[in-house]
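In: Here you go, sequence then predicted model.
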Amino acid sequence: MALSTESIPMRWPAGPLDIARRKNEKGFTADTAEVLGKWLDPATLAVVKGTPVNSLVVSWAEGLPEDAAQQQALKPLIEKGRQAGLDFVGVIEGKADRTAAIAAAKSAGLSAVAMDGDAPASAGIAVIPRNGHTQMRWTANSPVMGVSNGVWPGIPQEMVPTGGPTSLPWVNSNAAVVRIARALAPGKSVWIEFDPPQGAAQPAEAYMLAVADTASFGAGWVISLDDALRADLAANKQPAVDAWKKVTGMVTFFQQNKPAGTYRQTGPLAVVSDFAGPDWFPGEEAVNLLPRVREPYRVIARSRAASASFDGLQAVYYVDQEPPEPLLRQKLIDFAKGGGTLFVPSKWPEPEGSPTEAEPYFLFSLRALGKGRLAVCKADRPNSYDTVEDIQTILSHRNDQLRLYNAPSMNFYCQASAQGEREVIHLLNYSRRPGSDGPLLFVKKPHRRARLVSPELAAPVELQWAPQEAGGAELSLPGIAVYGAVELES
């Protein structure tokens, strides 16, 4: 088979190169080396038999003396895997001779190689760009875009407690990077890499969250297991087998429920940026921090903003220090004149409109512009959290279409079908523990039907509407340990 949007990748560490790369790591033992050797055995492919995993990502070349031995040692695994319908992707990194490594990969029957930087002009094999998030090659000629430096999702233990009466706990998530990647390259599959923390076995729920943290936003995690789980799977120990079934069950759930890949993002606020150079940090920080102030949003690449739909938006945050092109600027100004709020950086030239009264502590000065407002940032390098907090305060929760209660460790993400008759609200619990009280979801717009779907439930749960005096209704949800989605039908 060939790599496609249906490819489900898994990191397959095995062989001399992986042993050489890791032997100087703290905690590396002879047992670890033994497991890395065992995973060369074609018999270990039974781990992925009957699962959605169909692409194995192997270490191929790093400019180390072990490169040639690695490629030779992988041959039986590759041959057996290809017979079973598996793709193999070889990672080329470090000081490897890329031309030689690519030629060897093609000869060995790999489906693709993954490497940082720019691909050779005529590789003769698919090349997946594999870069850090600030150097994503979203224009590369590849159906897959790789991001090599994702984060293990959850609530970081060293930062607990971080919440308070009026703030939500900090969570590590790949949502911002994935949403930016999909905005920059909407036609591509996004593979994001991150490894579990080593030194302690991770519970199945941690892996389930890793799957959901990427899949709910339309990307794929390059599944990576900790040493203990790989050792126990190689030994066919039942607790490891049961945990692996839960992980692959989560993958299967997203394969069978694919709104993240086909539905459009919704929210009253759009973040517009090219997410490049000096604009990466403020843009990524805005996208990363808006969930902490419970503000649903859309991400729009600046290169596509002039032709993007602004329907349903209440506000646009134009991030970039460089002024927009004339056509986009006119569209943004027309949006504000029509009743929206346009947030812009301090270097916005010749601000339109007339000054109007605003709270002096705001980072933004407000200007009346037609039926709407232009909000110009007062600082050249404002604090990122203060920026999104002020954006949300100026927009006000009075206009919220959705609110989530009793769920401080949860983030949510909203999507809708093309015609808007169906909506999905993804709910991710970064604590991996259901609360003592189930979450409450306020929905302002009336709907005909609501139900909760989750791999944690034997069957979808029909939700009951509780109308509120001020309008809208609340939905009481059962406890969710990792992931659930509320499906709404108008």
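Out: Looks like it came in fine.

In: first to last residue in stretch 97-116, what's the distance?
Out: 13 Å (Cα to Cα, to the nearest Å).

In: hmm, who's touching it?
Out: For stretch 97-116, the surrounding residues in contact (Cβ atoms under 8 Å, 6 or more residues apart in numbering) are 1-3, 55, 57, 60-61, 63, 67, 71, 74-75, 78-79, 82, 87-93, 120, 123-132, 135, 144, 146, 148. Bear in mind the C-beta positions are built from the backbone N, C-alpha and C, glycine included.

In: Domain-wise, how is the chain divided?
Out: 9-256, 268-399, 402-489 (automatic domain parsing).

In: follow-up on the earlier one: quick check: PyMOL command selecting the buried ones in the contacts of stretch 97-116.
Out: For the buried members of these, the matching PyMOL selection, counting by 16 or more other Cβ atoms under 10 Å, is:
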select buried, resi 3+55+57+60+61+67+71+74+78+82+87+88+89+90+91+92+93+123+125+126+127+128+129+130+131+144+146+148
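
In: in stretch 381-400, what's buried?
Out: Those would be 382, 384, 387-392, 394-395, 400, for stretch 381-400 by 16+ other Cβ under 10 Å.

In: Among those residues, which ones are in helices?
Out: Counting by DSSP state H, the part of the buried residues of stretch 381-400 found in helices is 384, 387-392, 394-395.

In: So which of the buried residues of stretch 381-400 is the closest to residue 366?
Out: residue 394 (7.6 Å; Cβ to Cβ).

In: Looking at the domains of the chain, which is nearest to residue 262?
Out: That would be domain 402-489 among those, by Cβ to Cβ, at 8.1 Å.

In: which of the buried residues of stretch 381-400 has the weakest pLDDT?
Out: Within these, the minimum per-residue pLDDT falls on residue 400 (88).

In: Run a quick check on it versus residue 444, I expect a contact.
Out: Yes: contact criterion Cβ atoms under 8 Å: residue 400 and residue 444 qualify, at 6.8 Å.

In: Quick check: residue 169 vs residue 154, distance?
Out: In this view, residue 169 and residue 154 are 11 Å apart by Cβ to Cβ, to the nearest Å.

In: which residues are in contact with both of these two?
Out: In contact with both residue 169 and residue 154: 430-431, using Cβ under 8 Å, 6+ apart.

In: Tell me which of these two has more neighbours.
Out: Just comparing residue 169 and residue 154: by other Cβ atoms under 10 Å the higher neighbour count belongs to residue 154, 21 against 17.

In: For the more buried one, which non-adjacent residue is closest in space?
Out: Using Cβ to Cβ, 6 or more residues apart in numbering and skipping residues adjacent in sequence, the residue nearest residue 154 is residue 430, 5.4 Å away.

In: I'd like to know how many residues surround the one you found.
Out: Using other Cβ under 10 Å, residue 430 has 22 other residues around it.

In: Next, give phi and psi for it.
Out: Main-chain dihedrals, residue 430, degrees, to the nearest 10: phi -80, psi -10.
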